[in-house]
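Asks: Here is a sequence with its predicted model. Questions after.
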Amino acid sequence: MVLLLGMTAMTGCLFTVDSDRDTGDSQWSDHQVARIEPGQTTESWVRTTFGEPERRTEYEDGSTVWHYENTSRVDTEVGLFLLFHIDVESREEQHLAVEMKNGVVSDYWVENRRH
């Protein structure tokens, strides 16, 4: 019984968890996105706040959608000394689309994807 308790106590000391987060270059906060006001926010403000878009889509009606991406990767390692080791990687992507017409934001949306 004492041996079993001792082994159980030692197991707790040999259990490891390590997690690393890696974020991409283009990052924005929810606070920045919340400041966008359709009909009032200008193209200049969007460019200053979020930078140049990763891509643009232009439509026949004269509107343009600017696309931005946020990507982060989390790598978590869990292990029990000499018994097992698990490596779990997850990736989260956020896509911000800002639609503009005549130099003013007309709409925007954020899509979240988790892999």
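Replies: That came in fine, so what should we check first?
Asks: Now do the helices in this protein.
Replies: All helices of the chain, identified by DSSP state H, fall at 2-14, 30-34, 43-50.
Asks: Need the residues that contact the last one.
Replies: For helix 43-50, the external contacting residues (C-beta atoms under 8 Å, 6 or more residues apart in numbering) are 26, 28, 32, 35-36, 66, 68, 96, 98, 100, 103-105. From N, CA and C alone the C-beta is placed, and that goes for glycine too.
Asks: so which of the residues you listed is the most crowded?
Replies: Neighbours here are counted as other C-beta atoms under 10 Å. On that basis the top member of these is residue 98, with 25 neighbours.
Asks: measure that one to residue 79 for me?
Replies: The gap separating residue 98 from residue 79 is 43 Å, by C-beta to C-beta, to the nearest Å.
Asks: Stretch 35-54 - what's its average pLDDT?
Replies: Regarding stretch 35-54, the rounded mean pLDDT is 96.
Asks: Mind listing what's buried along it?
Replies: Across stretch 35-54, burial judged by 16 or more other C-beta atoms under 10 Å covers 36, 41, 43, 46, 50, 53.
Asks: thinking again about what came up before, ok, so of the contacts of helix 43-50, who is nearest residue 90?
Replies: Closest approach to residue 90 among the contacts of helix 43-50 (C-beta to C-beta): residue 26, at 19.2 Å.
Asks: before we move on, back to that, could I get the buried residues of stretch 35-54 in CSV, plus columns for distance to residue 91?
Replies: Converted to CSV, the buried residues of stretch 35-54 look like this (distance: C-beta to C-beta, whole Å):
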residue, distance to residue 91
36, 26
41, 30
43, 31
46, 26
50, 21
53, 21
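Asks: Looking at the residues you listed, which is nearest residue 83?
Replies: Looking at the buried residues of stretch 35-54 and their distance to residue 83, the nearest is residue 50, at 47.1 Å (C-beta to C-beta).
Asks: How far does stretch 28-45 sit from its chain's centre?
Replies: Between the mean C-alpha point of stretch 28-45 and the mean C-alpha point of its chain there is a distance of 18 Å (C-alpha atoms, centre = their mean, to the nearest Å).
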